[in-house]
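Asker: I would like to see how this sequence folds:
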Amino acid sequence: MTRTSSASRRPPLLDLLVAVLIVALLGGLVALQALLGDDGAERAQEEPGGSGGPVVHSSLGPSPSQSVTPAAPESPSGSSSGSPTATAAPAPTATLPTATPGQRLAPDASALASAAQSAAARPTMFRVATFNLLGASHTRRGGDSRLKRSYAERLPHAVRLLEHHQVEVVGFQEFEPPQRDLFDRLVGGRWARFPAGGDETADGRRAIAWRTDVWELVDTGSVPVPYFGGSTVRTPVVLLQYRATGRRVWFLNVHNPASGCAVCGGSNDRWRAAALQREIEAIGKLNADGTPVVFTGDMNAKAAFFCTIAAALPVRFANGGAYGPEGCAPPRPTPIDWIVGTREVSFSGYVSDRGPLNRLASDHALYAATAMVLD
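Answerer: Next up, the predicted model:
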């Protein structure tokens, strides 16, 4: 016996209607899946922890100093008064372009970033020092120094100190004629100095010397400043070019008058203050076109020097300190020998060498630091 299925007995129109309903149901499921997928992707982008492009910073100066309690500024009479606390401002930073998640830098933007990194990676860096050598006249028979070793015994140790600290340019004070002659013999052509032998355009007792394999002399000059009793001396200025990068830097080196010493002739407070004002004016003129200036010397002043020049010029000190609306805070310990740079110059690696070798060379420490100028 032959059986007939129920489907064969359904009308064709009903079969067609069932097929249309199945197709519609499948289409709805596909659309719902797509919608849920887009929402999930959006939520994934909003969740934290996704990878992003790196942010690169190039430091344009030393790290900001912490808040410090300022030292009391000096007064000519030696009295002092309190000052408020000051905090150094943070150093500026430069940010290079970066890619956002899922995005690539365009070729021209990438090249620009590479060029910026390359420029930031080639600063002019050098070791600079200030060194009062203790003049030959102070240690000869009848001299006023407690040290009795002659300049001929002491100067070779001073040269070794320069080599030990890898100094490439130095400001000397109390650099008297016999010391200059012996220095030239000891270093040969490895160093040059201004003023040189027979040069009367500047006072040779406060000379600037540099390593000839590192620096090339471009220009020289002098600044007339008052010294003991108001007498005028011409302190030297040199413009040097760093051979490796072509960067030019002005150097000014001074020895300001002291008070109360055996050869001082009484108080020189007014002449020391007047000398500093002349030096501040000279630094401003040398720096007017953006050329960096490094200022070295035996200032014979501590807090008074720091606070006066910090108030007058945008400068940086190799040994730190802070100055701002909240007050003046010189570095501690506060020296009388200083290394200062205009705002284009950053410092690191500051040392005050009072070790055994130094004590064989002078009654002053050798002060040195690494200076950096971005091109």
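
Asker: which outside residues touch stretch 183-195?
Answerer: Taking Cβ atoms under 8 Å, 6 or more residues apart in numbering as the criterion, the residues outside stretch 183-195 that touch it are 155-156, 159, 172, 175, 180, 197, 201-204, 207-213, 217, 220, 236, 238. Yep, even glycine has a C-beta here, placed from its N, CA and C like the rest.

Asker: show the buried residues in the residues you listed.
Answerer: Buried members of the contacts of stretch 183-195, scored by 16 or more other Cβ atoms under 10 Å, are 155, 159, 172, 175, 180, 202-204, 207-211, 217, 220, 236, 238.

Asker: of these, which belong to strands?
Answerer: Judged by DSSP state E, the subset of those located in strands is 172, 208-211, 217, 220, 236, 238.

Asker: I'd like those as TSV, with pLDDT and distance to His255 appended.
Answerer: TSV is the format used below for these (pLDDT from 0 to 100; distance: Cβ to Cβ, whole Å):
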residue	pLDDT	distance to His255
Phe172	98	9
Ile208	98	12
Ala209	98	15
Trp210	98	18
Arg211	98	22
Leu217	98	22
Thr220	97	18
Pro236	98	11
Val238	98	16
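
Asker: could you dump those to a markdown table with distance to Ala318?
Answerer: As requested, these are arranged in a markdown table below (distance: Cβ to Cβ, whole Å):
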| residue | distance to Ala318 |
| --- | --- |
| Phe172 | 17 |
| Ile208 | 16 |
| Ala209 | 18 |
| Trp210 | 17 |
| Arg211 | 19 |
| Leu217 | 23 |
| Thr220 | 24 |
| Pro236 | 20 |
| Val238 | 19 |
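
Asker: if we only consider the residues you listed, which is nearest to Thr334?
Answerer: Using Cβ to Cβ, Phe172 is the member of these that lies nearest Thr334, at 21.9 Å.

Asker: hmm, that closest one is touching Arg206, no?
Answerer: Yes - applying Cβ atoms under 8 Å as the test, Phe172 and Arg206 come out as touching, 6.9 Å apart.

Asker: low-confidence stretches in the stretch 1-150 of the chain?
Answerer: Within the stretch 1-150 of the chain, the segments meeting pLDDT under 70 span 1-121.

Asker: any idea of the mean pLDDT in the helix or strand Ile280 falls within?
Answerer: Counting by DSSP states H and E, the element that carries Ile280 is helix 269-286. Across helix 269-286, the average pLDDT comes to 98.

Asker: which parts of that helix are buried?
Answerer: Under the neighbour-count criterion of 16+ other Cβ under 10 Å, helix 269-286 has 269, 271-276, 278-280, 282-283, 286 buried.

Asker: can you check stretch 294-313 too?
Answerer: 294-310, 313.

Asker: and that stretch, C-alpha only, in CSV?
Answerer: The C-alpha coordinates for stretch 294-313 follow below in CSV (Å, rounded to 0.1, in the frame of the first residue of the first chain):
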residue,chain,number,x,y,z
VAL,A,294,79.7,81.7,30.7
PHE,A,295,80.8,83.9,33.6
THR,A,296,83.6,82.7,35.9
GLY,A,297,85.6,84.3,38.7
ASP,A,298,86.5,84.9,42.3
MET,A,299,83.7,87.3,43.2
ASN,A,300,84.7,87.7,46.9
ALA,A,301,81.0,87.6,47.7
LYS,A,302,78.5,84.9,48.6
ALA,A,303,74.8,85.5,48.9
ALA,A,304,75.2,89.2,47.8
PHE,A,305,76.6,88.1,44.5
PHE,A,306,74.1,85.4,43.9
CYS,A,307,71.0,87.5,44.7
THR,A,308,72.2,90.6,42.8
ILE,A,309,73.0,88.8,39.5
ALA,A,310,69.9,86.5,39.7
ALA,A,311,67.7,89.6,40.1
ALA,A,312,69.3,91.3,37.2
LEU,A,313,69.7,88.6,34.5
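
Asker: next, the buried residues of the helix or strand hosting Leu186.
Answerer: In this structure, Leu186 sits in helix 177-187 according to DSSP H and E. Neighbour-count burial for helix 177-187 flags 179-180, 182-184, 187 (criterion: 16+ other Cβ under 10 Å).

Asker: same question, stretch 217-230
Answerer: 217, 220-223, 225-228.
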